[in-house]
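Participant: Got a sequence here, can you build the structure:
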Amino acid sequence: KKYNAYKFIIKNRGFFVIKTKQLFAALTLMVTGLSSAHADYTLNLMEGATELSRDVYGLHMWVFWICVVIGIIVFGAMFYSIYYHRKSMGHKAEQFHESTTIEILWTIIPTVILVAMAIPATKLMLKMDNVQESEMSIKVTGWQWKWEYEYMDNGIHFFSTLDEASNKARQKDSGIDPRSVPHYLLNVDKPLVVPVNTKIRFLFTAADVIHSWWVPDLGWKKDTIPGFINEAWTSVEKAGTYRGQCTELCGKDHGFMPIVVIAMEKEDYQEWVMEQKGLALEEASAATKEWTADELIAKGETVYTNNCSSCHMGDGAGMAGTFPAITASSVVTGDIDAQVELMMNGKGMMPAFGQMLSAVDFAAVSTFIRNGLGNEVGDSIQPSAIQAKQSALPEDEGEDDDE
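Facilitator: Predicted coordinates for the structure are as follows:
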């Protein structure tokens, strides 16, 4: 058998030499290239862009090296004992029981190790929960499937939804290569904007099911739970764009609920605040003007694509047994006030769009589905009428909880 093994090795020595060289080259490239390719290939956590994220990374590394040292000592002792005290060297197994010294040692040593990890972990958890002395507050509400942001200090309020390019590319048979879409499924129409070097308090809740707001660069994530308020804080130190996702399985479109946070210098942030207040005035003005049916239909098509097509399909055919069709629907082709009431308050798996859409967008999509997707009812509804209905809606329960 030994002769045959030697014969095989000699016969294939060229193969072994080549493979050994390849293996050595691969190991050399891996060792020398890890640092230079860190941005593209990493095996560790990210350090993030906040003090908290760096603290989390530091705690992770502290626990990691403790585990490495434990592994070296335990496996080193085990392999040493196996090799140098094996039976072939004449050693015989010792027979002993109930060693008080060993019992004390393997109780004290793990306790000391756990304390060494627990103290810094507890300090960090207390630090992460300390929202005192915050300079501003932002309320985050999770919806199926978008995020609602309300700046408690200046009245800015908007919904953030998957961007139109990603939404079109993700549709079945869209014919769009997702790789051609910048930041596919990680971009939104309206990002959350915050100032740098500012302690920001976040209040998290949800309007329907449990979601989870997670931006890795901030160093933490928080669940948004209906009827409950969670708190967290951050202070972004460097201007830039930071992306995240919902990390709770919140329904069929869970994967299409990204988060984008843009951190700006304080001067730029103040300019953005003034711009948003100006846009709010323009939106309020747009809700009072008289729109033509063609204007509403044109705008409503985009609103439908971004908010309705994932369930009712792009052509309005719906999903049999799950989501009803828009085309030839008795609700859509019937009384417009009944249709608006249903859309405004929601039903079953359909969310209450009365709180999610502006008066203009609501009127536009209501008019579009009655005069598009194979329907030709011929009527329309004005944003001013929608605005009156929205003002009669009950206050959001989450507001009472926050107060």
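Participant: only C-alpha atoms for contact and neighbour calcs from this point on.
Facilitator: Noted.
Participant: for this protein, which helix is longest?
Facilitator: If you go by DSSP state H, the chain has its longest helix at helix 51-84.
Participant: Quick check: buried residues in it?
Facilitator: Residues of helix 51-84 classed as buried by neighbour count (16 or more other C-alpha atoms under 10 Å): 51, 52, 53, 54, 55, 56, 57, 63.
Participant: Could you export stretch 307-317 as PDB, CA atoms only?
Facilitator: Taking C-alpha atoms only, stretch 307-317 is exported to PDB below (Å, rounded to 0.1, in the frame of the first residue of the first chain):
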ATOM      1  CA  ASN A 307     -48.300  53.000  -4.000                       C
ATOM      2  CA  CYS A 308     -50.800  50.600  -5.500                       C
ATOM      3  CA  SER A 309     -49.200  48.500  -8.300                       C
ATOM      4  CA  SER A 310     -47.400  46.100  -6.000                       C
ATOM      5  CA  CYS A 311     -50.700  44.600  -4.900                       C
ATOM      6  CA  HIS A 312     -53.200  45.500  -7.700                       C
ATOM      7  CA  MET A 313     -50.500  45.000 -10.400                       C
ATOM      8  CA  GLY A 314     -49.400  47.600 -12.900                       C
ATOM      9  CA  ASP A 315     -52.300  46.800 -15.300                       C
ATOM     10  CA  GLY A 316     -54.900  46.800 -12.500                       C
ATOM     11  CA  ALA A 317     -55.500  43.000 -12.800                       C
END
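Participant: mean confidence for that stretch?
Facilitator: Average pLDDT, stretch 307-317: 84.
Participant: Also stretch 336-354?
Facilitator: Stretch 336-354 comes out with an average pLDDT of 86.
Participant: Quick one: residues in contact with that stretch.
Facilitator: 144, 208, 331, 332, 355, 362, 366, 381, 390, 393 (C-alpha atoms under 8 Å, 6 or more residues apart in numbering).
Participant: Just the buried subset of these, please.
Facilitator: Listed as buried from the contacts of stretch 336-354 are 144, 208, 332, 355, 362, 366, 381, 390; burial here means 16+ other C-alpha under 10 Å.
Participant: Out of those residues, list just those in helices.
Facilitator: Among the buried ones among the contacts of stretch 336-354, the members found in helices (DSSP H) are 362, 366, 390.
Participant: Of those, which is the nearest to residue 315?
Facilitator: Taking C-alpha to C-alpha as the measure, residue 315 sits nearest to residue 366 out of these, at 15.4 Å.
Participant: what residues are up against the closest one?
Facilitator: By C-alpha under 8 Å, 6+ apart, the contact list for residue 366 reads 300, 340, 380, 381.
Participant: And these, which of them are buried?
Facilitator: Buried, going by 16+ other C-alpha under 10 Å: 300, 340, 380, 381, out of these.
Participant: State the helix or strand in which the spatially most central residue of the chain lies.
Facilitator: Note on the chain: the residue nearest the mean C-alpha position is residue 245, at 1.4 Å, using C-alpha atoms, centre = their mean. If you go by DSSP states H and E, residue 245 is part of strand 240-246.
Participant: hey, where'd the helices end up in this protein?
Facilitator: Taking DSSP H, the helices of the chain run over residues 2-11, 13-33, 51-84, 100-128, 164-170, 266-288, 293-307, 309-312, 336-345, 359-371, 383-391, 397-402.
Participant: Please produce JSON lines containing the ones you listed, extended by distance to residue 351.
Facilitator: Listed next are the helices of the chain as JSON lines, based on distance: least, C-alpha to C-alpha, whole Å:
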{"stretch": "helix 2-11", "distance to residue 351": "70"}
{"stretch": "helix 13-33", "distance to residue 351": "50"}
{"stretch": "helix 51-84", "distance to residue 351": "35"}
{"stretch": "helix 100-128", "distance to residue 351": "33"}
{"stretch": "helix 164-170", "distance to residue 351": "19"}
{"stretch": "helix 266-288", "distance to residue 351": "22"}
{"stretch": "helix 293-307", "distance to residue 351": "10"}
{"stretch": "helix 309-312", "distance to residue 351": "11"}
{"stretch": "helix 336-345", "distance to residue 351": "7"}
{"stretch": "helix 359-371", "distance to residue 351": "13"}
{"stretch": "helix 383-391", "distance to residue 351": "15"}
{"stretch": "helix 397-402", "distance to residue 351": "15"}
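Participant: Of the ones you listed, which shows the lowest average pLDDT?
Facilitator: Note on the helices of the chain: lowest mean pLDDT is at helix 397-402, with a mean of 42.
Participant: how far is stretch 291-308 from where the chain is centred?
Facilitator: Between the centre of stretch 291-308 and the centre of its chain there are 28 Å (C-alpha atoms, centre = their mean, to the nearest Å).
Participant: and what of stretch 203-215?
Facilitator: Counting by C-alpha atoms, centre = their mean, stretch 203-215 is centred 10 Å from the centre of its parent chain.
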